[in-house]
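Q: starting from these lines, generate the structure:
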Amino acid sequence: MPALAGPVSRIFDKVAALTCVSDYLLVGGTNPVPISANLRAADLLAIAAMKMEVLMRRAAFRDYYDIYSLFKQGVDLNDAIELALKYSKHQMKRKNLLAILCNGNRFLKSDDFQMLLPVYDVTADEIAAFMSDKINSTFFTPPALP
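A: Predicted structure coming up:
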């Protein structure tokens with residue numbers, strides 16, 4: 001596709017920026033990441049929340065992998081879940097989301113996934129094990145005794 005020029009380019013930039021910002025604001029994002037002069041992207045926490053919310057509608061390995069990657073980068077699980085629930089207007093339930101995150105059988109790696117040049121070489125089962133450990137350590141670790 002040829003590059004857009006002149007007024008069309010400026011209009012396209014504004015529409016792209018508005019689309020990105022509108023989803024970001026729906027999620028409740030507070031730390032937009034500047035991309036260019038008038039374009040901002042969602043921060044990692046907001047992206048994690050949007051990726052979690054989309055798991056309710058589709059079972060794409062790339063979404064599962066993205067969530068895994070975001071947690072590996074330090075995104076907080078509890079904060080991401082809270083934001084995902086808010087973004088879904090509480091149509092999504094915490095227990096259902098936790099069950100989806102722990103079920104690698106839902107996510108089949110497509111043949112073209114390698115074209116995305118993934119950083120981590122993991123299977124859906126390995127991601128499910130990671131998610132289970134993350135969930136257990138976040139929500140079910142007993143407090144330390146004094």
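
Q: is the spatially closest residue to residue 54 that is not a sequence neighbour in a helix, a strand, or coil?
A: Among residues not flanking residue 54 along the chain, residue 63 sits closest, at 5.7 Å (Cβ to Cβ, 6 or more residues apart in numbering). Where C-beta positions appear, they are placed from N, C-alpha and C, glycine not excepted. Residue 63 carries the three-state label helix when classified by DSSP: H, G, I helix; E, B strand; the rest coil.

Q: got it, and residue 92?
A: Per three-state DSSP, residue 92 ends up coil.

Q: what's the burial count for the residue nearest to it when sequence neighbours are not counted?
A: Spatially, and ignoring its direct neighbours in sequence, residue 92 is nearest to residue 56 (5.4 Å; Cβ to Cβ, 6+ apart). Neighbour count of residue 56, defined by other Cβ atoms under 10 Å: 15.

Q: for residue 50, same thing?
A: 22.

Q: surely it forms part of a helix?
A: Yes - under three-state DSSP, residue 50 falls within a helix.

Q: in the protein, where is pLDDT below threshold?
A: 1-30 (pLDDT under 70).

Q: domain ranges for it?
A: What automatic domain parsing lists as the domains of the chain is 1-42, 43-139.

Q: what's the most buried one of those?
A: Ranked by average neighbour count under the criterion mean count of other Cβ atoms under 10 Å, these are headed by domain 43-139 at a mean of 16.

Q: how far does it sit from the chain's center?
A: 7 Å (Cα atoms, centre = their mean, to the nearest Å).

Q: could you work out the end-to-end span of it for me?
A: 24 Å (Cα to Cα, to the nearest Å).

Q: isn't residue 85 right up against residue 95?
A: No - the criterion here is Cβ atoms under 8 Å, and residue 85 misses it with residue 95 at 11.1 Å.

Q: will you turn the domains of the chain into CSV that also has distance to residue 145?
A: Below are these laid out as CSV (distance: least, Cβ to Cβ, whole Å):
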stretch, distance to residue 145
domain 1-42, 36
domain 43-139, 17
